[in-house]
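**Q** Need coordinates for the following:
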Amino acid sequence: MPVLPSWLTESLWGQFAALLPERPVYHPDHPLGCHRPRISDRIVFDKLLQLLRFGCSYEAIADTTCSATTIRSRRDEWIRLGVFARLRRIALESYDRIVGLVLDRIAVDGAITKAPGGGEVAGRSPVDRGKQGLKRSCMTDGYGIPLGRVLAGANRHDSPLLAPTLDRLDHLGPLPDSMTVHLDAGYDSDTTRDLLSARGLHGRIAHRGKKAPIQASQRWHVERTHAWQNAFYRIARCYERHATVIDAFFDLADTIFTVRSLMRRAWTTHGWDERPNR
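**A** A predicted model of the protein is given here:
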């Protein structure tokens, strides 16, 4: 069973490969020039997609084509080069250019997931008997396209993470004159309202003590994005210990959501040579 549809995988790999530096098949410093050839980047890329989707260990996904050590070393090499972050930025810019980001209304919310291995951004989870957990504060546009995130321990409250999450707007270029931020009741405080006012943002915040369906507003977009992210088990149950590696997997997942939404929404309005039949 394929991890992703072929029309999506090929589009991701085409752009990902364009960001990789050229590497010789054999290492030029080898005295004989006939040692074992370098594992193809495409094989490692497919392995990372499988890791992201299935959440298994590196040893479980390794086979005769690629070892677990190669997957880790190539992953770290691409992180140092910033390939995952650049890929997500290119996908977001393409979506904004072709379809258009809905930036006049955005939503921010936090989600807690398991982190059995602990790590740099893990903490005691208040909803999982004090076990290690990971919180992500995610920001989306009005359609649910992820715009940025902040990672923290599961014991952190959503409200203090709002400011660093909104800082991700600085990387999006020109912003609308009027922007509304949709938040749940966890952000219902004067501190949050002062923060939004200082940034020139309008806040639509749910009030504590009232039932959610009455004041749901446009928050469901970010809730759907959390559900999309939890469908990738490497994120829903994170065993990675380093924040840079976790961010890389999140960047890859966000790129998949963005490209998938781009192709689905542009399918009826744009034509290209390799457009799928449905």
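
**Q** Helix, strand, or coil at the closest residue to Leu81 other than its chain neighbours?
**A** Using Cβ to Cβ, 6 or more residues apart in numbering and skipping the chain neighbours, the partner closest in space to Leu81 is Pro21 (7.2 Å). For the C-beta atoms, the positions are set from N, CA and C on the backbone; glycine is no exception. Recorded secondary structure, Pro21: coil (DSSP: H, G, I helix; E, B strand; the rest coil).

**Q** What's the per-residue pLDDT of Pro21 here?
**A** At Pro21, the model reports a pLDDT of 90.

**Q** How about the contacts made by Leu201?
**A** Contact analysis of Leu201 by Cβ atoms under 8 Å, 6 or more residues apart in numbering lists 166, 179-181.

**Q** how about the helices of the protein, start to end?
**A** 6-19, 41-54, 58-61, 68-81, 83-98, 162-166, 190-198, 220-230, 233-236, 243-266 (DSSP state H).

**Q** what angle separates the fifth one from helix 41-54?
**A** It refers to helix 83-98. Using axes from the mean of the first three to the mean of the last three Cα atoms, to 10 degrees, the inter-axis angle of helix 83-98 relative to helix 41-54 is 80 degrees.

**Q** Identify each buried residue in helix 83-98, please.
**A** By neighbour count on 16 or more other Cβ atoms under 10 Å, the buried set for helix 83-98 is 83-84, 87-88, 90-92, 95-96.

**Q** Please apply the same query to the third one.
**A** By neighbour count, with 16+ other Cβ under 10 Å as the criterion, the buried positions of helix 58-61 are 58, 61.

**Q** elements contacting that helix?
**A** Here helix 58-61 touches helix 41-54, helix 68-81, going by 3 or more Cβ pairs under 8 Å, 6 or more residues apart in numbering; DSSP states H and E.

**Q** what does the second one give?
**A** Using 3+ Cβ pairs under 8 Å, 6+ apart, the elements in contact with helix 41-54 are helix 6-19, helix 58-61, helix 68-81, helix 233-236, helix 243-266.

**Q** now the third one: mean pLDDT?
**A** Per-region confidence: helix 68-81 scores 95 on mean pLDDT.

**Q** Over to stretch 125-134?
**A** Across stretch 125-134, pLDDT averages out at 91.

**Q** What sits closest to Pro164 if chain neighbours are left out?
**A** Among residues not flanking Pro164 along the chain, Val150 sits closest, at 4.8 Å (Cβ to Cβ, 6+ apart).

**Q** burial measure for the one you found, as a count.
**A** Look at Val150: counted by other Cβ atoms under 10 Å, it has 22 neighbours.

**Q** Distance check, it against Ala62.
**A** Counting by Cβ to Cβ, to the nearest Å, the separation of Val150 from Ala62 is 32 Å.

**Q** Where does pLDDT dip in the chain?
**A** 1, 26-35, 212-217, 272, 274-278 (pLDDT under 70).

**Q** List the buried residues in stretch 51-68.
**A** Applying 16+ other Cβ under 10 Å to stretch 51-68 flags 51-53, 55, 58, 61-62, 66 as buried.
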